[in-house]
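Peer 1: sharing a model prediction with you, sequence too.
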2 protein chains.
Amino acid sequence: MAAQRRIDLVLDSVKRLLRIGATANLLNLLQKQHPADLAQVFTELPDKDREAAFTILADRNGRLAMEALSELGPEAGGRLLATRAAEEIARLAQEIPSDDAAALIDHLPEELSNAVLDLMRPKESRVVEHLLEYDERTAGRIMNPNVFALNEEITVGEAITELQSNREVEMVFYLYVVDERRHLVGVVSLRRLLLVSPETPLKRIMTADLISARVDMDQEEVARQVAAYNLLAIPVVDEENKLVGIITVDDVIDVIKDEATEDIYRLAGVATDERVFTPAHQSLRKRLPWLGVNLGTAFLAASVVGIFTRTIDALPILAVFMPIVAGMGGNAATQTLTVIVRGIALGELSWSNSRKALMKEAAVGIGNGLALGLVAAAVAWMVNGDPVLGLVLGAAMVINMFVAATAGVLVPLGLRAASIDPALASSVFITTMTDVFGFLSFLGLATLFAHNLTRTG
Amino acid sequence: MAAQRRIDLVLDSVKRLLRIGATANLLNLLQKQHPADLAQVFTELPDKDREAAFTILADRNGRLAMEALSELGPEAGGRLLATRAAEEIARLAQEIPSDDAAALIDHLPEELSNAVLDLMRPKESRVVEHLLEYDERTAGRIMNPNVFALNEEITVGEAITELQSNREVEMVFYLYVVDERRHLVGVVSLRRLLLVSPETPLKRIMTADLISARVDMDQEEVARQVAAYNLLAIPVVDEENKLVGIITVDDVIDVIKDEATEDIYRLAGVATDERVFTPAHQSLRKRLPWLGVNLGTAFLAASVVGIFTRTIDALPILAVFMPIVAGMGGNAATQTLTVIVRGIALGELSWSNSRKALMKEAAVGIGNGLALGLVAAAVAWMVNGDPVLGLVLGAAMVINMFVAATAGVLVPLGLRAASIDPALASSVFITTMTDVFGFLSFLGLATLFAHNLTRTG
């Protein structure tokens, strides 16, 4: 990628300039970069170099340094910011929009974030504190309260004059129209302003039927609305429909990326805030609980095998084929689970159509079981010379594939009904089920047909 | 969600109106919906109702019907469209922008799509055919060729007049500026037009340093650029830097969602075009190959167990604990793999920093192995009364967790180096490795210490 190559070049120069202590040249180079590129450079620098480069930039161009931190994301950005003194953080936080400042301050250690808020200008710290009062992952938390709105009674000409004098309000494409009590009543696109005569009052040309988000709306739902209706921004209103903020599409893209990462991570039992370069001891602490739960369920599955030690004692060859049944059930269940969990996330699966999904997956499970069971039976027969072992293996696979498919649908839907994130807990439930039923069906059938099985191996 | 409740209401009404044959009322209801809502309704309707409702809408309001199909996505949209006659599809395709039409036509059976292109107006079919010549998943394939651009020599006043007379060009926020040979030379934001006097020539106020995408740029890279630089649209240029199209942020959101779904799916071995309601026989055909590969590797792992049947014959209790080592390795490897694959997708992991990632994961793997190995060893000792069995189990877990961690980093990076999608093939490689090394380390150590192990169970 050309972009990556350019960033690699910048990266090498930054390291070199730091090594030879050419601060002025380094500052010059950093100031030429886009905040997003700086964020990438910061990500890839070794810890010490990152802090040094950030210090140099923050001293001279606080706004750019903070914009880069915002692009870096609140976790990594907060971590880098936390190495600075509270006074400096307070000064830097005032350089960027209050929603971005709030996100970063929220990720500082509590004592430090309190100190920072105390040291900020009262007017600005009040806005940040107000944003932090909204629940995490809601519209209120991610909105920019600095929203440009005009009264419905003013004319197009006056609106254009207002726009011209409010240059610092970033990213205006829609003009939100409010009544005298700041209730949101309509929207006018910037383009439309150009198409009508200056005397027209806004309320004559505004679209009254507009989509807005309540402050307490889940950020995932906000993202879904913006994506579904192809919006560039969505206005945020309080309980009384008063306009309190705006969420722009670039923030929505971040939400979509984060929620996708979260789904991928949860299916694998990884903490949602972990990244490639999260320090090892933190990663260890985040991953151990999940592995601990899995160890517990592994012992549970092992205890099922334990029931059949006499059968295995008589026919040790069973130990060879036993993991195949459990493993293939796990693979098939993961496929079903993934389709269902993603279907829930993308809003394709609702209560009304879940029965249809169950029927479909059950059919797929039986089909897969028959096809793969047949192959496995044939291979086991050929390798081992015992047709009954082949039959037992094939039958166990059909049973376990069916269990895998139905569990793959019912477990995530059941968890969602219990208000538990289906992506989070489903996979541990389901692999336990496919292990238990895999061992149970295979070793159970083998015990049943023990007198027909040849002792070999 | 309020949105889902509203859609459920529409859904019930559609079903009822279809049942009683109230076509006029149904048409009335459908025409009041946003295309995105219609797409959701189509998704949830039973097949027959969906076709009936689409037919009624397409006959009277072809544009809305086609917009809904576009929102439905090219696969499902194409499937629904394929039930119509070629003449009708040709008529309907001309109702929507050519990039959307191209995506739908591309998903029709080949014979039908050729017939449709022959029946379209030559000017429109040429545009669609031209789009379909670009490789799938490139900027050229997803761009809208209908891009609004103005010559650098014209004035702001003339630009506004041009804008006013080009009402049908959708979603203009940036004015792209070109020279007399249509080379892209700059960009002017719509807002900036309002802030300067009408006589100013565009080249005086345009930003010459702008980000563009080449027609052959991968759509994922396009999405990364738009997201990183917070753009609302990105201009697309050919090899000679001539402006040929535009990709808007709403299309980028679709790319980001699709690519995330793809990563999630590939990690689980699900075909990227599968959805919850893909017909069962298609799902079966799509999933079987992946499960087949897994069956092969499962037999491979089983053959490792086969080497040790004499040890298992002597100590059947080993069959009970054996799956724990393999399974826990698989879980730990999945965690590492997920973080690495997502890190690659989000552009956080590059060649230069992959060594750091390997060191980190190896440390986490050993840490996890020690912690969980200790617990597993203690449990096995307690349950079985044999400390040596506990030691063998614990040691095997440390070894396999280390293998899991290093494989979780090296396999996806190796696949990427070989230009294979790391999300696609990594998980089958890695679970094979953790199964093989899990059985090998546990049964190998058990064979080594066989004379110290108590025969129980």
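Peer 2: Yes, it's here.
Peer 1: report the contact partners of A:A102.
Peer 2: A:V128, A:L131, A:L132, A:R141 (C-beta atoms under 8 Å, 6 or more residues apart in numbering or on different chains). For every residue, glycine as well, the C-beta is placed using N, CA and C.
Peer 1: tell me the phi and psi of it?
Peer 2: phi -60, psi -40 (degrees, to the nearest 10).
Peer 1: how close does it get to A:E239?
Peer 2: As judged by C-beta to C-beta, to the nearest Å, A:A102 and A:E239 stand 21 Å apart.
Peer 1: please apply the same query to A:A423.
Peer 2: 31 Å.
Peer 1: got a list of what the closest residue to A:L443 other than its chain neighbours touches?
Peer 2: In space, A:L443 comes closest to A:F308 once its chain neighbours are excluded; the distance is 4.0 Å by C-beta to C-beta, 6 or more residues apart in numbering or on different chains. Neighbour list for A:F308: A:L318, A:F439, A:L443, A:G444, A:A446, A:T447 [criterion: C-beta under 8 Å, 6+ apart].
Peer 1: and for A:L64?
Peer 2: A:L30, A:Q31, A:P35, A:L38, A:L57.
Peer 1: out of those, which comes closest to B:R19?
Peer 2: A:P35 (56.6 Å; C-beta to C-beta).
Peer 1: so for that closest one, what's the nearest residue that isn't a sequence neighbour?
Peer 2: A:E67 (3.8 Å).
Peer 1: contact partners for that neighbour?
Peer 2: A:E67 neighbours (C-beta under 8 Å, 6+ apart): A:P35, A:L38, A:I96, A:D100.
Peer 1: where does the second one sit, in terms of helix or strand?
Peer 2: Looking back up the chat, that one is A:L38. Using DSSP states H and E, A:L38 falls within helix A:35-44.
Peer 1: same thing with the last one?
Peer 2: Secondary structure assigned from DSSP H and E places A:D100 in helix A:98-106.
Peer 1: ok, back up a step: out of the contacts of A:E67, who's the most crowded?
Peer 2: A:L38 (26 neighbours; other C-beta atoms under 10 Å in any protein chain shown).
Peer 1: measure it to A:D106 for me?
Peer 2: Relative to A:D106, A:L38 is positioned 21 Å away (C-beta to C-beta).
Peer 1: in the stretch 301-450 of chain A, which spans are helices?
Peer 2: Secondary structure of the stretch 301-450 of chain A (DSSP state H, counting those that start in this stretch): helices at A:309-314, A:317-345, A:354-384, A:387-417, A:422-448.
Peer 1: test my guess that A:G438 contacts A:G329.
Peer 2: Yes - the pair A:G438 / A:G329 is scored as a contact, 4.7 Å apart, by C-beta atoms under 8 Å.
Peer 1: overlap in contacts, these two.
Peer 2: Going by C-beta under 8 Å, 6+ apart, residues that sit against A:G438 and also against A:G329 are A:N400.
Peer 1: on that earlier part again, which of the contacts of A:F308 lies closest to B:P412?
Peer 2: A:F439 (30.8 Å).
Peer 1: what residues does the residue lying closest to that closest one once chain neighbours are set aside make contact with?
Peer 2: Leaving aside its chain neighbours, A:F439 sits nearest to A:V304 (4.5 Å; criterion: C-beta to C-beta, 6+ apart). Going by C-beta under 8 Å, 6+ apart, A:V304 touches A:D435, A:V436, A:F439, A:L440, A:L443.
Peer 1: helix/strand/coil for A:L184?
Peer 2: What DSSP: H, G, I helix; E, B strand; the rest coil gives for A:L184 is strand.
Peer 1: ok, it to B:G329 distance?
Peer 2: In terms of C-beta to C-beta, A:L184 sits 55 Å off from B:G329.
Peer 1: and for A:L17?
Peer 2: Taking C-beta to C-beta, one finds A:L17 at 44 Å from B:G329.
Peer 1: same question, A:V128
Peer 2: 46 Å.
Peer 1: what about those two, which has more around it?
Peer 2: Neighbour count, other C-beta under 10 Å: between A:V128 and B:G329, B:G329 has more, with 32 against 24.
Peer 1: tell me where the model's unsure across the stretch 1-150 of chain A.
Peer 2: Counting by pLDDT under 70, the ranges of the stretch 1-150 of chain A that qualify are A:1-4.
Peer 1: where along the stretch 51-200 of chain A do the helices fall?
Peer 2: Using DSSP H, counting those that start in this stretch, helices in the stretch 51-200 of chain A cover A:62-72, A:74-81, A:86-93, A:98-106, A:110-119, A:122-133, A:139-142, A:156-165, A:190-193.
Peer 1: for these, give me CSV that also has distance to B:I211.
Peer 2: Output for those, formatted as CSV (distance: least, C-beta to C-beta, whole Å):
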stretch, distance to B:I211
helix A:62-72, 15
helix A:74-81, 23
helix A:86-93, 27
helix A:98-106, 21
helix A:110-119, 34
helix A:122-133, 30
helix A:139-142, 25
helix A:156-165, 25
helix A:190-193, 21
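Peer 1: quick one, which of those helices is nearest to B:P201?
Peer 2: Nearest of the helices of the stretch 51-200 of chain A (C-beta to C-beta): helix A:156-165, 19.7 Å.
Peer 1: identify each buried residue in the closest one, please.
Peer 2: A:V156, A:E158, A:A159, A:I160, A:E162, A:L163 (16 or more other C-beta atoms under 10 Å in any protein chain shown).
Peer 1: how about that helix as PDB, C-alpha atoms only?
Peer 2: Extracted as PDB, the C-alpha positions of helix A:156-165 are listed here (Å, rounded to 0.1, in the frame of the first residue of the first chain):
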ATOM      1  CA  VAL A 156     -32.100  31.900   4.000                       C
ATOM      2  CA  GLY A 157     -30.100  35.100   3.600                       C
ATOM      3  CA  GLU A 158     -29.700  35.400   7.400                       C
ATOM      4  CA  ALA A 159     -28.800  31.700   7.700                       C
ATOM      5  CA  ILE A 160     -26.000  32.200   5.100                       C
ATOM      6  CA  THR A 161     -24.700  35.200   7.100                       C
ATOM      7  CA  GLU A 162     -24.800  33.100  10.300                       C
ATOM      8  CA  LEU A 163     -22.900  30.300   8.600                       C
ATOM      9  CA  GLN A 164     -20.200  32.800   7.400                       C
ATOM     10  CA  SER A 165     -19.600  34.100  10.900                       C
END
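Peer 1: looking at it now, give me its mean pLDDT.
Peer 2: Taken as a whole, helix A:156-165 has a mean pLDDT of 85.
Peer 1: do stretch A:449-457 as well
Peer 2: Stretch A:449-457 comes out at a mean pLDDT of 72.
Peer 1: just give me the residue closest to the centre of chain A.
Peer 2: The centroid of chain A falls nearest to A:E259 when counting by C-alpha atoms, centre = their mean (2.4 Å).
Peer 1: identify the residue spatially nearest to it, adjacent ones excluded.
Peer 2: A:E220 (5.3 Å).
Peer 1: ok, then the element right after the helix or strand harbouring the one you found?
Peer 2: Assigned by DSSP H and E, A:E220 belongs to helix A:219-228. Once the chain leaves helix A:219-228, the next helix or strand it forms, by DSSP H and E, is strand A:233-237.
Peer 1: list the buried residues in that following strand.
Peer 2: A:A233, A:I234, A:P235, A:V236, A:V237.
Peer 1: wait, the fourth one sits on A:G140?
Peer 2: Put plainly, it is A:V236. Yes - counting by C-beta under 8 Å, A:V236 does reach A:G140; the two are 6.8 Å apart.
Peer 1: shared neighbours of those two, which are they?
Peer 2: Contacts common to A:V236 and A:G140, judged by C-beta under 8 Å, 6+ apart, are A:V215, A:V244, A:G245.
Peer 1: by neighbour count, which of these wins?
Peer 2: A:G245 (23 neighbours).
Peer 1: how about the nearest residue to it, chain neighbours excluded?
Peer 2: That would be A:M143: by C-beta to C-beta, 6+ apart, it lies 3.2 Å from A:G245.
Peer 1: which residues touch the one you found?
Peer 2: Taking C-beta under 8 Å, 6+ apart, one finds A:D99, A:L131, A:V215, A:V236, A:V244, A:G245, A:I246, A:I247 in contact with A:M143.
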